[in-house]
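Asks: generate coordinates for the sequence data below:
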Amino acid sequence: MVKKQKVIYLDNEQQNKQDFDAIHKLQEELTKIDEFSIYTPDLQWFEQMVIQEQQKAKKKWRKELSFFMIIAFVILSGMIITIYQLPVLFMLLQIITTIFIAVYTSVRPLKKANHYE
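Replies: Predicted coordinates:
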């Protein structure tokens, strides 16, 4: 439903006075905004923040890399021990892993395809 809006026609002199008042009020408000002090940190502060973030990223990368190396060492040690101590168990693990990867990679695209339908 559209409401009918009432339009008030003003004479030219009254319209000019309202425009002048609006412009004057707008200028006053803009000068108030200009009076606010804005703090901008110096360049050294920004450089310090960048250095801190780089140090955090480097520390996180080292932590993730060491975690990866420990897990890789445990997995490879387990595989080598299994090859030499229990070759039948090693072959069984290889077969199970191959089947798991084949099933996982074939089921995942099917889930995506069903999700889009």
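
Asks: now the helix or strand that contains Gln14: average pLDDT?
Replies: Here Gln14 is covered by helix 12-35, with elements defined by DSSP states H and E. Averaged across helix 12-35, the pLDDT comes to 81.

Asks: give the next helix or strand downstream of that helix.
Replies: Heading towards the C-terminus - elements assigned by DSSP H and E - helix 12-35 is followed by helix 43-85.

Asks: list the buried residues for the helix holding Gln14?
Replies: Judged by neighbour count (16 or more other CB atoms under 10 Å), helix 12-35 contains no buried residues. Where C-beta positions appear, they are placed from N, C-alpha and C, glycine not excepted.

Asks: chain center to that helix, what's the gap?
Replies: In terms of CA atoms, centre = their mean, to the nearest Å, the centre of helix 12-35 is set 43 Å apart from its chain centre.

Asks: ok, now stretch 98-114?
Replies: A distance of 28 Å separates the C-alpha centroid of stretch 98-114 from that of its chain, computed with CA atoms, centre = their mean.

Asks: and for stretch 61-75?
Replies: On CA atoms, centre = their mean, the centre of stretch 61-75 falls 25 Å from the chain's centre.

Asks: please parse this protein into its domains.
Replies: Each structural domain of the chain that the record assigns through automatic domain parsing is listed here as a residue range: 9-38, 43-116.

Asks: what about Ile83, how many neighbours?
Replies: Counted with other CB atoms under 10 Å, the burial measure for Ile83 works out to 13 neighbours.

Asks: lowest average confidence across the domains of the chain, which one?
Replies: Looking at these, the lowest mean pLDDT belongs to domain 9-38 (a mean of 78).

Asks: mind checking how far it is from the chain centre?
Replies: Per CA atoms, centre = their mean, the displacement of domain 9-38 from the mean C-alpha position of its chain is 42 Å.
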